[in-house]
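S.K.: no sequence on this one, just coordinates:
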């Protein structure tokens, strides 16, 4: 299996910047961003240069550490008002993926525990915590992939939506992790990849990752899934997730809930993969999940050589939708395979 040259997000060798693959440029080129400030980290997350719930969390953790380091170098005391302001800038970059808030809050808890340390000790503690977030995600993705692989037979045909591989996390990924791990062990799969409008994460990123891993990959438009399920043997739908409510309702890239409805109709298992850091136990159900609304230009111009819609047309561009727990066959976390009825507060 051919991994990317580096994790999609990592700390620079001198520990003073985040090095991130600019996912907006893939698959055409592999470009790297050097992020040094809270504003740069937040902008990379907001513009989807850094994307995928776990990857966002890793980036946020490093971003909070870099804020502490930069402010210490400027002579600020640990836990200064500017440090907390920087953390809030990062926390507010995107509203739906709970890993972002979870990681920032975890870093702030660490900051509170070391608020009486000197500047060096404070920064060292935050760096260690950010590195733990990263290391834990690597381990969690491997565990999720191992559990998920038990759900697939050799030669299975699956449908994916959006991107939940190494680019969205670290190493194996969540929704793509079982495929990538299985391929590494010599298993064969056929992946039907939804292009995932409007930002084409499936076409640009998932197809790229799966083909690099030597997996038989077929790209299709999102609205072709029903025809595919009705006319071919499909073993499973496999998706990642950006937030899971306590009752198992799951928010993921727009179009996920429609795919789940089709899977239910055609009797195809629908699996959601995520680490427990994506679970929001304070969110009772999907109705409480805030859905991000994004720039209309993502629909009308972003991935087209010429504008495809009339000037001035109104656009509706939610980034996510919520799949009801009743449509989810199983939720796979690092701790195992969960089946209905879900109580994610115990995940």
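M.R.: Yes, it's here. These numbers were taken from a predicted model, which means no experiment stands behind them.

S.K.: the strands in this protein, which residues?
M.R.: Using DSSP state E, the strands of the chain run over 9-11, 18-21, 32-35, 157-160, 190-194, 216-220, 236-239, 243-244, 250-253, 270-273, 320-323, 330-333, 336-338.

S.K.: what sits against residue 331?
M.R.: Contacts for residue 331 were tallied using CB atoms under 8 Å, 6 or more residues apart in numbering; they are 241, 244, 248, 250, 271-274, 337-338, 342, 344, 347. Placement of C-beta: from N, CA and C, glycine included.

S.K.: got the strands of the chain as JSON lines, with mean pLDDT columns?
M.R.: Formatted as JSON lines, the strands of the chain follow (pLDDT from 0 to 100):
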{"stretch": "strand 9-11", "mean pLDDT": "96"}
{"stretch": "strand 18-21", "mean pLDDT": "97"}
{"stretch": "strand 32-35", "mean pLDDT": "98"}
{"stretch": "strand 157-160", "mean pLDDT": "98"}
{"stretch": "strand 190-194", "mean pLDDT": "98"}
{"stretch": "strand 216-220", "mean pLDDT": "98"}
{"stretch": "strand 236-239", "mean pLDDT": "98"}
{"stretch": "strand 243-244", "mean pLDDT": "98"}
{"stretch": "strand 250-253", "mean pLDDT": "98"}
{"stretch": "strand 270-273", "mean pLDDT": "98"}
{"stretch": "strand 320-323", "mean pLDDT": "98"}
{"stretch": "strand 330-333", "mean pLDDT": "98"}
{"stretch": "strand 336-338", "mean pLDDT": "98"}
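
S.K.: for those strands, give me TSV that also has distance to residue 151.
M.R.: Converted to TSV, the strands of the chain look like this (distance: least, CB to CB, whole Å):
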stretch	distance to residue 151
strand 9-11	28
strand 18-21	29
strand 32-35	35
strand 157-160	10
strand 190-194	15
strand 216-220	18
strand 236-239	7
strand 243-244	18
strand 250-253	17
strand 270-273	6
strand 320-323	17
strand 330-333	7
strand 336-338	7
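
S.K.: grab the nearest non-local neighbour of residue 7.
M.R.: Nearest non-adjacent residue to residue 7, counting by CB to CB, 6 or more residues apart in numbering: residue 170, 5.0 Å away.

S.K.: what sits against the one you found?
M.R.: By CB under 8 Å, 6+ apart, residue 170 lies in contact with 7, 8, 9, 54, 55, 58, 134, 137, 138, 141.

S.K.: same thing but at 7 Å, please
M.R.: Contacts here follow CB atoms under 7 Å, 6 or more residues apart in numbering; on that basis residue 170 touches 7, 54, 58, 134, 137, 138, 141.

S.K.: the second one is in contact with residue 139, isn't it?
M.R.: No - with contact taken as CB atoms under 7 Å, residue 54 and residue 139 are classed as non-touching, separated by 11.6 Å.

S.K.: settle it for me: which of the two has more neighbours?
M.R.: Using other CB atoms under 10 Å, the more surrounded residue of residue 54 and residue 139 is residue 54, with 34 against 13.

S.K.: roughly how far apart are the more buried one and residue 265?
M.R.: 31 Å (CB to CB, to the nearest Å).

S.K.: how about residue 108?
M.R.: Counting by CB to CB - residue 108 and residue 265 are separated by 45 Å.

S.K.: neighbour-wise, which of those two wins?
M.R.: Between residue 108 and residue 265, residue 108 has the larger neighbour count (other CB under 10 Å), namely 18 against 11.

S.K.: OK, contacts around the residue nearest to that one when sequence neighbours are not counted?
M.R.: Excluding the flanking residues, the one nearest residue 108 by CB to CB, 6+ apart is residue 87, at 5.9 Å. Listed by CB under 7 Å, 6+ apart, the contact set of residue 87 reads 64, 67, 104, 107, 108.

S.K.: one more time with 6 Å, if that's ok
M.R.: 64, 104, 108 (CB atoms under 6 Å, 6 or more residues apart in numbering).

S.K.: which of the residues you listed sits closest to residue 191?
M.R.: Among the contacts of residue 87, residue 104 lies closest to residue 191 (CB to CB), at 33.5 Å.

S.K.: any idea how far that closest one is from residue 118?
M.R.: For residue 104, the distance to residue 118 equals 23 Å [CB to CB].

S.K.: neighbour count winner among those two?
M.R.: Set residue 104 next to residue 118 and count neighbours by other CB under 10 Å: residue 104 wins out with 23 against 12.

S.K.: surely the more buried one meets residue 92?
M.R.: No - counting by CB atoms under 6 Å, residue 104 stays clear of residue 92, with 9.4 Å between them.

S.K.: quick check: the residue lying closest to residue 44 once chain neighbours are set aside vs residue 166, distance?
M.R.: Once flanking residues are discounted, residue 44 sits nearest to residue 50: 4.6 Å by CB to CB, 6+ apart. According to CB to CB, residue 50 stands 13 Å off from residue 166.

S.K.: comparing the two, which shows the higher neighbour count?
M.R.: The residue with more neighbours, out of residue 50 and residue 166, is residue 50; 30 against 26, by other CB under 10 Å.

S.K.: most surrounded residue in the contacts of residue 170?
M.R.: Ranked by neighbours (other CB under 10 Å), the contacts of residue 170 are led by residue 54, which has 34 neighbours.
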